[in-house]
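>>> after the sequence you'll find the predicted model.
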Amino acid sequence: MKRILTATALSLATTGTLHAQPGTSASRPAIRPLGAVASTSAEPLGLVNNIRALPGGKLLVNDMSGRRVLLMDSTFKVLKVVADTTPGNPNSYGGGVASLIAFRGDSTLFVDAQSLSMLVIDSSGEVARVMSVPRAQDAMMLAAGGIGAGAFYSNGHLVYRGMPNIRMNVVNGTPQMGAMPDTMPITRVNLQTRVVDTVGYVKIPISLPNITRSDDGKISVNIEVNPLPIVDEWAVMPNGDIAFVRGRDYHVDWVDASGSRRSSPKMAFDWKRLTDEDKAKFVDSVKTLLDKQAAANPGQGAAMATAFGNMMGGGGGGGAPRVQMRIRADGGPPGAGGPTRAPQVSAPKINVVSPSQLPDYQPPFFATSTRADADGNLWVLTIPTKPQPAGSVYDVINGQGEVTERVLIPDGRRVLGFGPGGVVYLAKQVTEGTTTTTTIERARAK
């Protein structure tokens, strides 16, 4: 979806007029290319969820679709299979969502949402011990390393985005979901005391399904999305500070380990005002691209339907389900006294909001667009507002909340992670049908 929206924004970047919002400057650093790629992986990899850079150029790689964790050396040669699905392997990679989190020193946590466990992996790829997740209901968000910002370790705490506790009720035989909030807490849990507190909130996109049920019991789902939502981003810096990047006016709020808060001034951005004509054109373009994508990937809708049906039926691993519904297999009202099953769900249809619901100014970034590097900078993937070279442009923001550079990532790549001293790891992904293969590249920031 993000690729579709970015492509649409770029196609419309030549139209409209740029207007600086009050209190901002039109001056921005010139775009420069990322440094040359120094090495490329040869090992066949599936969908790589995230990585963990280690001393000496070694790398822990979370191959999510291959269901394995690999330790590679600086040439991307596989030194060890840390976890996989081999029968009898004590370090098992579960069947659900899993992620790597940089832990104390050079150690790493491997969070497996299905088993509610965290492997502590040392820098040589050995599993030192196994921990339980602090709270079972948060296992999915701790393991969501490639879905949103994921989770981070900071000064004895795990920091991660909360998850909405939405209950699904059944009204006259039709499931209905409660209202979804437009903000989510950033949660911090102390690994020793298990005390949980909230360090801040981020604005999130809302895409609440509208669910209907036909006379034969089949459920249809229509999901309405805003293709240009104003959202916030967040990341944990190497020194433990938590950075909140605000999408409405593009500034950074900071929270340090002691809880002290400060705010940086608004950053320069090429704000683009959207006329009514711009909004209508954008919505039409997104609808066209969504239709083309659905036609090109007919199996995608079936996969979404299966996932949605399992979710509504309360199935799957990863701790207690956060969306709960019980449906009587005999068609009667939900509740105790009858067997339950996952309902039959047709492929969800994605609709786009009306043009009037788009913001008056194009936001600077989409959700899941921010990462912290190993040298104390934030990298924010920006939405283009005017023509730019092929590829993706990141704003590099220092610890004072200033945009110091704008870096162009080559076309067809995404930033996978960072190593110390300006090392950037890229993922080059190729998808054929339902299969995704990934090549990892190591480059220098300059």
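Structure received.
>>> okay, buried residues for whichever helix or strand residue 293 is part of please.
Assigned by DSSP states H and E, residue 293 falls within helix 276-296. For helix 276-296, the neighbour count (16 or more other CB atoms under 10 Å) marks 278, 279, 281, 282, 283, 285, 286, 289, 290 as buried. (C-beta placed from N, C-alpha, C; glycine too.)
>>> of those residues, which is the nearest to residue 368?
residue 286 (17.9 Å; CB to CB).
>>> mind saving the C-alpha coords of the helix holding residue 293 as CSV?
These are the backbone C-alpha positions of helix 276-296, laid out as CSV (Å, rounded to 0.1, in the frame of the first residue of the first chain):
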residue,chain,number,x,y,z
ASP,A,276,-9.9,20.1,-4.5
GLU,A,277,-8.8,19.1,-7.9
ASP,A,278,-5.5,17.6,-6.5
LYS,A,279,-7.5,15.6,-4.0
ALA,A,280,-9.9,14.2,-6.5
LYS,A,281,-7.1,13.3,-8.9
PHE,A,282,-5.1,11.6,-6.1
VAL,A,283,-8.1,9.5,-4.9
ASP,A,284,-8.9,8.4,-8.5
SER,A,285,-5.2,7.4,-9.1
VAL,A,286,-5.1,5.3,-5.9
LYS,A,287,-8.4,3.5,-6.9
THR,A,288,-7.0,2.7,-10.3
LEU,A,289,-3.7,1.4,-8.9
LEU,A,290,-5.6,-0.7,-6.2
ASP,A,291,-7.7,-2.3,-9.0
LYS,A,292,-4.6,-3.1,-11.0
GLN,A,293,-2.9,-4.6,-8.0
ALA,A,294,-5.9,-6.8,-7.2
ALA,A,295,-6.1,-8.0,-10.8
ALA,A,296,-2.4,-8.8,-10.9
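>>> counting contacts, what elements does that helix pack onto?
helix 2-11, helix 298-313, strand 349-352 (3 or more CB pairs under 8 Å, 6 or more residues apart in numbering; DSSP states H and E).
>>> residue 207 against residue 227, yeah?
No - contact between residue 207 and residue 227 fails when scored by CB atoms under 8 Å: they sit 10.5 Å apart.
>>> number of nearby residues for the nearest residue to residue 54 once chain neighbours are set aside?
Nearest residue to residue 54, sequence neighbours excluded (CB to CB, 6 or more residues apart in numbering): residue 123, at 5.2 Å. The criterion is other CB atoms under 10 Å. On that basis, residue 123 has 16 neighbouring residues.
>>> show me the contacts for residue 123.
Residues near residue 123 by CB atoms under 8 Å, 6 or more residues apart in numbering: 54, 55, 58, 106, 107.
>>> residue ranges with poor pLDDT in the stretch 251-400 of the chain?
Applying pLDDT under 70 to the stretch 251-400 of the chain flags residues 298-347.
>>> about what we covered before: tell me how far the residue nearest to residue 54 lies from residue 192.
For residue 123, the distance to residue 192 equals 23 Å [CB to CB, to the nearest Å].
>>> got it, and residue 415?
33 Å.
>>> A strand includes residue 137, no?
No - secondary structure of residue 137 (DSSP: H, G, I helix; E, B strand; the rest coil): helix, not part of a strand.
>>> any idea how many residues pack against it?
16.
>>> all strands of the stretch 101-250 of the chain, in order?
For the stretch 101-250 of the chain, the strands defined by DSSP state E, counting those that start in this stretch cover 108-112, 117-121, 127-132, 151-154, 157-161, 168-171, 174-177, 183-190, 196-203, 209-213, 219-225, 233-236, 242-246.
>>> report how many residues lie close to residue 371.
Residues near residue 371, counting by other CB under 10 Å, number 20.
>>> so it: helix, strand or coil?
Residue 371 - assigned by three-state DSSP - is strand.
>>> can you pull the contacts of it?
Neighbour list for residue 371: 235, 378, 379, 415, 417, 418 [criterion: CB under 8 Å, 6+ apart].
>>> and if we set it to 7 Å?
By CB atoms under 7 Å, 6 or more residues apart in numbering, residue 371 lies in contact with 235, 379, 415.
>>> how close does it get to residue 197?
24 Å.
>>> so residue 356 belongs to a helix, correct?
Yes - applying three-state DSSP, one finds residue 356 inside a helix.
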